[in-house]
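Visitor: What shape does this take:
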Amino acid sequence: MEGARRARVEGATPAQLYATLVGGVLVIAGIIGFFYSSSFGSPGEVDDVFGILAVNAWHNIFHIVTGGIGLLAVGYAARQYALYLGILYLVLTAWGFIIGSGDSILGFIPVNTEDNFLHLILGLLGVGAAYATPVEGARPATAT
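Guide: Predicted coordinates for the structure are as follows:
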């Protein structure tokens, strides 16, 4: 059993690793976030997880949903998940930096500077993992 598990990890693509690790962390972060703020509203009561990342219930649900999708996508759509989540987080990064620390995306998802840098890292890693993973069915180039 251990050998089979090790073989799966060793054969995992960068996108599968991203979907597994980032997906799992986002789900856990979303759950932990509810211990800090479970307030719905515009943006309602906002609290900082570990004194760093601004959250409310909407932010927590966003993390749980996007992380859950990653965990579901590991086996069949990890590359697409990594690419699209990476792009989404890069858009959120730009949006967050434009509106500034302490404001809310769409009026109800709070962000601060620390969130923006975390979103930037997740976005770059996602796009990088997607491009480091070969496209299914693509044939390698041959020298002529």
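
Visitor: which residues of this protein fall in strands?
Guide: Counting by DSSP state E, the chain has these strands, from start to end: 47-49, 53-55, 104-105, 109-110.

Visitor: Which pLDDT value belongs to I105?
Guide: The confidence metric pLDDT takes the value 87 at I105.

Visitor: Give me the distance between it and G51.
Guide: I105 sits at a distance of 21 Å from G51 (criterion: CB to CB, to the nearest Å). All C-beta spots, glycine's among them, are computed from the backbone N, C-alpha and C.

Visitor: Pick out whichever of those two has more residues nearby.
Guide: Set side by side, I105 and G51 show unequal neighbour counts under other CB atoms under 10 Å, the larger going to I105 at 19 against 8.

Visitor: just to revisit the earlier point, want to try TSV for the strands of the chain, with distance to T13 as columns?
Guide: As requested, the strands of the chain are arranged in TSV below (distance: least, CB to CB, whole Å):
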stretch	distance to T13
strand 47-49	30
strand 53-55	29
strand 104-105	31
strand 109-110	30
